[in-house]
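S.K.: generate coordinates for the sequence data below:
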Amino acid sequence: MPLPEHILLTYGYLLLFGWVLVEQFGIPLPATPVLLTAGGLSADHQLSFTGALVAGLAACIVADSTWFLIGRRYGHHVLRILCKLSMEPTICVRRTQDSFSRNRSLMLVFAKFVPGLATLAAPVAGENGMSLPAFLFFDGIGATLWLCALLGAGRLFGDALKRDPSLLDWAGRFSGALFLLAIAGWFTWRLYRRRIVLRNLVKSRLEPQDLKAQLDAGELVYIVDLRHPLELLAEPFTLPSAMHFSPDALAARHTEIPRDRDVVLFCTCPSEATAAKTAMALHKLGIERVRPLRGGYDEWKRLGFPLDEVPPVQNVVPVSRVS
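M.R.: As a prediction, this is how the structure comes out:
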């Protein structure tokens, strides 16, 4: 019997619950093949569609509510950890925060369909003060839609098998290999993207001590704070004389960036990913003296270097004002 049918029939709803729970906690182990298989097995009543839905929904609620409460307590620090687990650190935090800023309820409903948003949505909602009942309501709707879509797709395939049993020979011959190949390919692609970003980052990043020495010597440095505005609400401090821009806004206004001094970018992303990506984009626009700050805001703060308080409006350039 091909994988993962044999495993599902042996361990049933407990395996389904555990597999979805592991993925929703941020471990990069895709649950899609298992949910599709469970939907297919429900066509022959070997598994209950409703039972599979309840098991998956319970796993989503347990994982998401846990991350919601952790996000409420620990803020962006937990987002850094989740980005490292996701192996896609370049956009995950900012994309989730942008989506949450535009429409928090809609973001929660569709987050599980979007790579990079699924795990981050819950802690971002907790960090930014959403009430737990509202979170559970919209997150439950989103989880139900996601599970029904995958289980339903599997059920349709199972119905096709009932009408044409010859499809089972093809599926049985290749499903196990395709299942393993899909997981291996998924891991390989994520690792490849991460390696490329980190390789470019290492070549150009600036040490905090070097930036501090430049500032102490009175050198002119154009410092850009790339953190999301939501992060400034929780921690309203920045590096001395830093300007605040979103990455897109900075690229759109690149003609305003001085060319006669170093341009230093910082964020709170794992491995300075947003700063590195923005630096590479500015290089393509002809700005040569641009470098991400190693360790970003957190490393500068850890070293005890001076910080400026961020006024409520003056230093913040909201994304909506520059598009």
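S.K.: what average pLDDT does stretch 135-143 get?
M.R.: Stretch 135-143 shows a mean pLDDT of 94.
S.K.: and the strands in the stretch 101-250 of the chain?
M.R.: For the stretch 101-250 of the chain, applying DSSP state E, counting those that start in this stretch gives strands covering 221-225, 237-238, 243-244.
S.K.: now L220. Nearest residue, chain neighbours left out?
M.R.: R261 (4.4 Å; C-beta to C-beta, 6 or more residues apart in numbering). Yep, even glycine has a C-beta here, placed from its N, CA and C like the rest.
S.K.: surely the one you found and R291 touch.
M.R.: No. Applying C-beta atoms under 8 Å, one finds R261 not in contact with R291, separated by 11.7 Å.
S.K.: which one of the two has more residues nearby?
M.R.: Comparing R261 with R291 by other C-beta atoms under 10 Å, the one with more neighbours is R291, at 22 against 13.
S.K.: contacts only, for the nearest residue to F266 once chain neighbours are set aside.
M.R.: Excluding its sequence neighbours, the residue lying closest to F266 (C-beta to C-beta, 6+ apart) is L293, at 4.0 Å. With contact set as C-beta atoms under 8 Å, 6 or more residues apart in numbering, L293 has these partners: R205, L206, P208, L211, V264, L265, F266, E272, A275, E299, W300.
S.K.: could you check how far L293 is from Q209?
M.R.: Distance, L293 to Q209, by C-beta to C-beta, to the nearest Å: 11 Å.
S.K.: swap in L57?
M.R.: L57 is 50 Å from Q209, by C-beta to C-beta.
S.K.: between those two, point out the one with more neighbours.
M.R.: Using other C-beta under 10 Å as the criterion, L57 and Q209 rank with L57 on top: 18 against 11.
S.K.: so what's the residue nearest to that one when sequence neighbours are not counted up against?
M.R.: Leaving aside its chain neighbours, L57 sits nearest to A143 (5.5 Å; criterion: C-beta to C-beta, 6+ apart). The neighbours of A143, taking C-beta under 8 Å, 6+ apart as the test, are G56, L57, C60, I61, D64, K112.
S.K.: now with 10 Å?
M.R.: For A143, the contact set (C-beta atoms under 10 Å, 6 or more residues apart in numbering) comprises 20, 24, 53, 56-61, 63-64, 108-109, 111-112, 118.
S.K.: the helices in the stretch 1-150 of the chain, which residues?
M.R.: Under the criterion DSSP state H, counting those that start in this stretch, the stretch 1-150 of the chain contains helices at 5-24, 32-43, 49-74, 76-86, 92-102, 104-110, 121-127, 132-163.
S.K.: please identify the most buried of those helices.
M.R.: Mean neighbour count (mean count of other C-beta atoms under 10 Å) peaks for helix 121-127 among those, with a mean of 28.
S.K.: am I right that A38 is in contact with Q46?
M.R.: Yes. Under the criterion of C-beta atoms under 10 Å, A38 makes contact with Q46 at 9.4 Å.
S.K.: picking that back up, give me the pLDDT value at the residue nearest to F266.
M.R.: Here, the pLDDT recorded for L293 equals 93.
S.K.: what do you get for M87?
M.R.: So, for M87, pLDDT stands at 48.
S.K.: do L201 as well
M.R.: 58.
S.K.: list the residues that contact D308.
M.R.: D225, P236, F237, T238, L239, P240, S241, A242, N315.
S.K.: how about A134?
M.R.: With the criterion set at C-beta under 10 Å, 6+ apart, A134 makes contact with R104, S105, L108, A125.
S.K.: give me the lowest-pLDDT entry from the residues you listed.
M.R.: Least confident of these in the model: R104, at 73.
S.K.: tell me what T238 is bridged to.
M.R.: D308 (DSSP bridges).
S.K.: surely it touches V310?
M.R.: Yes. T238 is within contact range of V310, at 5.3 Å (criterion: C-beta under 10 Å).
S.K.: shared neighbours of these two, anything?
M.R.: Joint contacts of T238 and V310 (C-beta under 10 Å, 6+ apart) are D225, R227, L232, H244, V316.
S.K.: excluding chain neighbours, give the residue nearest to F110 in space.
M.R.: G142 (6.4 Å).
S.K.: OK, contacts around that neighbour?
M.R.: 60, 64, 105-113, 118, 121.
S.K.: closest one of those residues to G185?
M.R.: Distances from G185 to these, taken as C-beta to C-beta, are shortest for A118 (18.9 Å).
S.K.: per-residue confidence at the closest one?
M.R.: Predicted confidence (pLDDT) for A118: 76.
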